[in-house]
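S.K.: here is my input, please return the structure:
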Amino acid sequence: MTTPKILVVDDVEANRFALRDIIRQAGYTPVLTESGMQAIKVLERTQIDLVILDIAMPEMDGFEVCRQIKENVRTREIPIIFTSALDNPQDIKQGFACGGADYITKPFVPDIVKARINIHLKLYETTRQLQDMNHKLQLSVIEQLRRVENEKRNVLYALLRVARENAAYDVAHMERISKNCRVLAETLQLTKEYADLIPDAYVDTIELAAPVCDIGNVAVPTEILQKTDRLTPEESRIMQRHTEVGERILQGIDDEEQGNDFIQMSRDIVKYHHESWDGSGYPTGIAGEEIPLSAQIVNIVTAYCALTEDRSYRSAFSKEKAVEILGEEAGVKFNPALYDVLYMIKRQLV
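M.R.: Below is the predicted model:
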């Protein structure tokens with residue numbers, strides 16, 4: 001273990017040497033300085049465990065030195081013992097007010113100085129150990145939460161793979177949804193209307209959550225998902241249930257995982273990504289800004305991705321044609337402001 005270093009700050013040589021000898025007798029390493037400026041420079045380059053600081057010094061008094069030490073994040077936890085030839089209650093009060101830990105008077109009594117040094121070094125070491133333990137505990141908790149979150153995300157993605165296979169979607173389809181949602185969200189960040197609603201963490205989260213949109217398809221019969229003809233009214237009702245099924249899947253996880261942005265956004269997307277701007281969508285028929293922004297983004301992006309991919313009953317549309325078709329539904333199915341941004345960035349979409 002490294003021997004603790006004690007910084008002595010006093011403009012009187014006799015006082016510095018007296019404290020030097022006492023510190024050595026106590027088994028510690030003294031570092032001597034004769035001014036506040038010297039002390040600050042030493043603290044910048046040397047690991048110090050305790051400061052013994054004279055109050056009455058020219059140019060920079062002990063109170064100012066103490067304030068500067070306490071304002072520095074790297075040194076503010078170092079205990080400071082003030083020294084003075086005067087047993088002035090006002091000095092003692094001011095010393096404690098600016099961050100001092102203790103106070104000793106001159107002339108120095110070696111046994112008292114040693115006792116104070118030992119007490120504050122032990123307190124300082126104990127504090128550092130507690131801080132280190134707390135830091136390690138926080139890292140451990142964060143890591144455990146991250147593992148739990150990843151495990152739950154993996155379960156969702158496993159269910160999503162089943163839903164994707166049932167609907168005959170390939171991996172590229174889900175990747176396009178993720179990437180295009182990210183591109184659209186990043187661009188919305190730059191607009192006056194949405195800048196405050198979309199922080200960087202939101203962009204990262206929607207990229208991860210967007211592919212979960214149709215996880216409820218695990219409960220829809222494959223023959224309906226892959227049907228090329230128009231669905232019957234009953235088949236349409238069954239198909240529309242996938243939003244509620246998906247929401248129930250996520251609800252159980254959300255109840256256990258309060259505060260998890262990924263799960264909460266996924267839940268909004270799954271339930272509301274088929275809602276329409278004019279209120280004609282499903283499952284709840286909400287309209288306009290009642291629809292969560294994440295669901296609005298996924299709604300228009302999934303429609304774009306569907307139009308630009310081959311289907312058994314038609315070939316893929318070009319980007320330009322797909323965006324033109326979406327424009328016919330702006331203000332009806334889609335938020336017109338989102339459509340305007342999508343139109344502006346159509347060349348960036350994949």
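S.K.: C-alpha only now, for contacts and for neighbours.
M.R.: Fine.
S.K.: residue 319 reaches residue 308, doesn't it?
M.R.: Yes: Residue 319 is in contact with residue 308 according to Cα atoms under 8 Å; the separation is 6.5 Å.
S.K.: helices of the stretch 101-250 of the chain, start to end?
M.R.: Taking DSSP state H, counting those that start in this stretch, the helices of the stretch 101-250 of the chain run over residues 110-166, 171-189, 200-209, 222-225, 233-240, 242-256.
S.K.: nearest spatial neighbour of residue 70, skipping sequence neighbours?
M.R.: residue 76 (3.9 Å; Cα to Cα, 6 or more residues apart in numbering).
S.K.: surely the one you found forms part of a helix?
M.R.: No: Residue 76 is assigned coil when assessed by DSSP: H, G, I helix; E, B strand; the rest coil, not a helix.
S.K.: residue 53: which element?
M.R.: Applying DSSP states H and E as the criterion places residue 53 in strand 50-54.
S.K.: enumerate the positions of that strand that are buried.
M.R.: By 16 or more other Cα atoms under 10 Å, the buried positions in strand 50-54 come out as 50, 51, 52, 53, 54.
S.K.: tilt between the helix or strand following that strand and strand 50-54?
M.R.: Of the helices and strands lying after strand 50-54 in sequence (DSSP H and E), the nearest is helix 62-71. Taking axes from the mean of the first three to the mean of the last three Cα atoms, to 10 degrees, one finds helix 62-71 and strand 50-54 inclined to each other by 150 degrees.
S.K.: which outside residues touch helix 62-71?
M.R.: 36-37, 40, 53-56, 75-77, 80, 82, 94-95, 98-100 (Cα atoms under 8 Å, 6 or more residues apart in numbering).
S.K.: same question for stretch 173-185.
M.R.: Applying Cα under 8 Å, 6+ apart, the contact partners of stretch 173-185 are 198, 203-204, 206-211, 297-298, 301-302, 305, 341-342, 345, 348-350.
S.K.: filter the residues you listed down to the buried ones.
M.R.: For the contacts of stretch 173-185, buried by 16+ other Cα under 10 Å: 198, 203-204, 206-211, 297-298, 301-302, 305, 342, 349.
S.K.: what two of those have the greatest distance between them?
M.R.: Farthest pair in the buried ones among the contacts of stretch 173-185 (Cα to Cα) is 198 and 305. Separation: 22.3 Å.
S.K.: so residue 31 belongs to a strand, correct?
M.R.: Yes: assessed with three-state DSSP, residue 31 lies in a strand.
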